[in-house]
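*Asks:* kindly return the folded structure for what I paste below:
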Amino acid sequence: MKPQQILCFTVILALIALSACSSAPAIPPTPTSQPLAQQLTIYNWEGGLPQEILDAFTAEYGVTIDYQTFTSYAEAVSNLEAGKGYDVVFMGNDFIGQILGTELLAELDLSNIPNMRNISVNFRDLSYDPGNLHSIPFGWGTTGLVVRSDLFDKPVTSWNALWEAEVGKSGIWDDRRALIGLTLRSLGFSANSDKPEELEAALNRLLELKGRVISLESIDPWTSAPALDSGQITIALGWAYDGIAGRDLNPAIEYVIPQEGTLLWLENMVIPANSPNKYTAEMFINFMLRPEIAGQYVNATFFAVANEPAKAFIDPTILNDPIVYPTQELLTNAELLLPLSAETKAIYDAIWDRFMQAPGGITSTSSLRSRYRVQP
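*Replies:* Model prediction:
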């Protein structure tokens, strides 16, 4: 199946619009009432949820939070597959497909999550989870380039700038989907391509990059900003956090969404099938979807949320920051990274292995970072 057949995808208004492939699910207005668990285990990035939000949930519901952390979505999936116990897990959209159909995720009772109505209709009912039976969209963002604009002769507008920068001055993170995806986009292909000839071209293009780039994990596990500020590198693969951190250090550091199109990511809240506290977990998800709580989250983390009424609670400076909430123009040609079939994922993994084994400055990376994280 072609990627464009998988997801009806358009960009509208001043926000992203991930067009729903069918009508939004009906959401009953009020939750049922059941006993609450004494403790809830949340599995997320380190620092991924502000402590004041967790404390507010405990104060209101009397449920303590055991906050556990992962360093990559792959790690989180591995621990879910190993049967480790969590109640709410924050999971990237391109990993949802990997675990749906494996009986690892509980089917949600949307009658207990009435605040689902606050999620923009454009973020609901996406192809990897029709009807949102197993996942609830929460945070989203773009993938771009973080650039020392004063060290380039002309404005950076393309993914190709990673290949064109001075050797050793380009930095990448260990995010194979993002790197393979942007390479495909630089060639004019879909970031979710499953065509053998396009993937072969992407591999060859990546091999050209290998000797030119350095691992950002080897410099700083959290952000490229200091290396850009010092001039150690001039350009880096990055996300909104990097752009904001860089801008705070040096006004010459800019976050660029390439003209070929950004790679969009969407993080979801899911409940593992082995959670003994499913109802309480649904109460937590519903709590996170309150407009004032979602707005508080954005104000603390500078990550956008797929929650329309939350805008009223977001600091206008953040809401109007194109790094956090890009304009329609910046989202032209944007593409959501989709779950891959097992066959296509194997090809992507093989491409990454070839890239990592090829001669060049990078031999291994730590996987500490991904496109959604905050510094603790």
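*Asks:* rest of the way, CA atoms for contacts and neighbours
*Replies:* Fine.
*Asks:* residues in contact with the residue nearest the centre of the chain?
*Replies:* Centroid check for the chain by Cα atoms, centre = their mean gives residue 265 as the closest residue, at 3.7 Å. By Cα atoms under 8 Å, 6 or more residues apart in numbering, the residues touching residue 265 are 92-94, 140-143, 336-337, 371.
*Asks:* how near is the closest residue to residue 266 other than its chain neighbours to residue 92?
*Replies:* Of all residues not flanking residue 266 in the chain, residue 140 sits nearest, at 4.3 Å (Cα to Cα, 6 or more residues apart in numbering). Taking Cα to Cα, to the nearest Å as the criterion, residue 140 is separated from residue 92 by 9 Å.
*Asks:* list residues touching both of those two?
*Replies:* Residues touching both residue 140 and residue 92 by Cα under 8 Å, 6+ apart: 265-267.
*Asks:* need phi/psi at residue 171.
*Replies:* When read as degrees, to the nearest 10, the backbone of residue 171 gives phi -120, psi 140.
*Asks:* count of neighbours near it?
*Replies:* 26 (other Cα atoms under 10 Å).
*Asks:* how about it, nearest residue that isn't a chain neighbour?
*Replies:* Nearest one to residue 171, counting by Cα to Cα, 6+ apart, is residue 236 at 4.4 Å.
*Asks:* that neighbour sits in which helix or strand?
*Replies:* Following DSSP states H and E, one finds residue 236 within strand 235-239.
*Asks:* and that strand, which strands flank it?
*Replies:* Strand 235-239 sits in its sheet next to strand 143-148 (antiparallel), strand 170-172 (parallel), going by DSSP bridges.
*Asks:* distance from the chain centre to that strand, please.
*Replies:* Centroid displacement of strand 235-239 relative to its chain, using Cα atoms, centre = their mean, to the nearest Å, is 14 Å.
*Asks:* ditto for stretch 118-138
*Replies:* Distance, stretch centre to chain centre, for stretch 118-138: 15 Å (Cα atoms, centre = their mean).
*Asks:* go through that stretch and flag the buried ones.
*Replies:* By neighbour count with 16 or more other Cα atoms under 10 Å, stretch 118-138 contains the buried residues 119-138.
*Asks:* from those, which land in helices?
*Replies:* Among those, no member falls in helices (DSSP state H).
*Asks:* okay, and which of those map to strands?
*Replies:* If you go by DSSP state E, these have 136-138 in strands.
*Asks:* using JSON lines, lay out these together with distance to residue 87.
*Replies:* Listed next are those as JSON lines, based on distance: Cα to Cα, whole Å:
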{"residue": "136", "distance to residue 87": "14"}
{"residue": "137", "distance to residue 87": "16"}
{"residue": "138", "distance to residue 87": "16"}
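*Asks:* closest to residue 70 out of the residues you listed?
*Replies:* Nearest to residue 70 among these: residue 138, at 17.8 Å, using Cα to Cα.
*Asks:* list the residues that contact that closest one.
*Replies:* The contact partners of residue 138, by Cα under 8 Å, 6+ apart, come to 266-269, 289, 305-307.
*Asks:* can you tell me how far residue 130 is from residue 124?
*Replies:* Separation of residue 130 from residue 124 (Cα to Cα): 8 Å.
*Asks:* correction: the previous question concerned residue 266.
*Replies:* Counting by Cα to Cα, the separation of residue 266 from residue 124 is 11 Å.
*Asks:* cool, and residue 306?
*Replies:* Counting by Cα to Cα, the gap from residue 306 to residue 124 is 9 Å.
*Asks:* how about residue 77, what does it touch?
*Replies:* Contact analysis of residue 77 by Cα under 8 Å, 6+ apart lists 95, 99.
*Asks:* before we move on, the earlier item: if the residue nearest to residue 171 is in a bridge, with which residues?
*Replies:* Note on residue 236: beta-bridge partners by DSSP bridges are residue 146, residue 171.
*Asks:* I'd like the distance between it and residue 146.
*Replies:* From residue 236 to residue 146 the distance is 5 Å (Cα to Cα).
*Asks:* and for residue 297?
*Replies:* Residue 297 sits 24 Å away from residue 146, taking Cα to Cα as the criterion.
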